[in-house]
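**Student:** coordinates only, sequence not included:
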Ligand SMILES: C[S@@+](CC[C@H](N)C(=O)[O-])C[C@H]1O[C@@H](n2cnc3c(N)ncnc32)[C@H](O)[C@@H]1O
């Protein structure tokens, strides 16, 4: 259920279009945690960032039902631009491929099924834009595995960095997801290789640029 503010924001952002609407609807019907999907406004933001940056090689960590990967692919401006996306849950593959086909982006995306912690070690890069949106406990490890594969001027967009306001509340020893986000946010802001701005869009998005 959207708040009035969210409805207003979505109504005054470019519409997502029928194919993305289809992925969102099917995600609601066919998956247990549809809230994980980026949503219309964040999706438009990802498309916009891909367009503005002119990124040719995009990497996504955490495909889920393929919504955000489709948004990133829609933002590719170069004819040889490509998106690699990693998802550990192979049961999602049929839905992912159906949605990409409807969106007309199948030939622009490579789906890599497996654990990102292994796959990232094998992908050589370079990556002009990386969208981190998988296991919150592992964000710092993903960062370590990709940062040297990002050229100067390259971008990382990290989702869920505000994690329902938990990062600035009393730490709970058993809450490893919040600890993962806190460690990641602290690591990035202290890393002199990058500049970062933490945006309040939805669950928090960090926009990180390699100097
Ligand atoms: C928040 S969802 C991604 C949402 C998607 N990016 C979107 O905006 O529509 C996180 C996804 O990451 C996947 N995931 C979690 N840990 C992973 C790992 N270590 N390697 C690959 N995928 C992982 C989960 O199975 C889940 O589908």
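**Tutor:** Good, I have the coordinates. This structure is a prediction, so every number in the text was calculated from the model and none was measured.
**Student:** got the contact list for the spatially most central residue of the chain?
**Tutor:** Taking Cα atoms, centre = their mean, the centroid of the chain lies closest to residue 131, which sits 3.8 Å from it. Neighbouring residues of residue 131 by Cβ atoms under 8 Å, 6 or more residues apart in numbering: 46, 58-62, 68, 72, 156-159. Heads up, the C-betas are built off the backbone N, CA and C, glycines and all.
**Student:** among these, which are in strands?
**Tutor:** 58-61, 156-159 (DSSP state E).
**Student:** Now which of those would you call buried?
**Tutor:** Neighbour counting by 16 or more other Cβ atoms under 10 Å classes 58-61, 156-159 among those as buried.
**Student:** Return only those of the residues you listed found close to the ligand.
**Tutor:** Subset of these in contact with the ligand: empty, counting by Cβ under 6 Å from any ligand atom.
**Student:** which of those lies closest to residue 206?
**Tutor:** Distance to residue 206, by Cβ to Cβ, is smallest for residue 158 among these, at 4.4 Å.
**Student:** can you pull the contacts of the residue lying closest to residue 141 once chain neighbours are set aside?
**Tutor:** Once flanking residues are discounted, residue 141 sits nearest to residue 117: 6.3 Å by Cβ to Cβ, 6 or more residues apart in numbering. By Cβ under 8 Å, 6+ apart, residue 117 lies in contact with 138, 141-142, 145.
**Student:** cool, and residue 151?
**Tutor:** 126, 128, 210.
**Student:** mind listing which of those are in strands?
**Tutor:** In this view, the contacts of residue 151 that belong to strands under DSSP E are residue 210.
**Student:** before we move on, the earlier item: could I get the contacts of residue 117 as a markdown table with pLDDT, neighbour count and secondary structure?
**Tutor:** Shown next, in a markdown table, are the contacts of residue 117 (pLDDT from 0 to 100; neighbours: other Cβ atoms under 10 Å; DSSP: H, G, I helix; E, B strand; the rest coil):
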| residue | pLDDT | neighbour count | secondary structure |
| --- | --- | --- | --- |
| 138 | 98 | 21 | helix |
| 141 | 98 | 16 | helix |
| 142 | 98 | 24 | helix |
| 145 | 98 | 19 | helix |
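**Student:** of the residues you listed, closest to the ligand?
**Tutor:** When the contacts of residue 117 are ranked by distance to the ligand (Cβ to the nearest ligand atom), residue 138 comes first, at 5.7 Å.
**Student:** Quick check: residues of this structure near the ligand?
**Tutor:** 36-38, 62, 64, 67-68, 86-89, 115-117, 133-135, 138.
**Student:** Going along the chain, name the strands of this structure.
**Tutor:** Under the criterion DSSP E, strands of the chain are mapped to 57-61, 82-87, 109-113, 129-132, 155-159, 194-199, 205-210.
**Student:** elements contacting the last one?
**Tutor:** With contacts taken as 3 or more Cβ pairs under 8 Å, 6 or more residues apart in numbering; DSSP states H and E, strand 205-210 sits against helix 40-53, strand 155-159, helix 176-190, strand 194-199.
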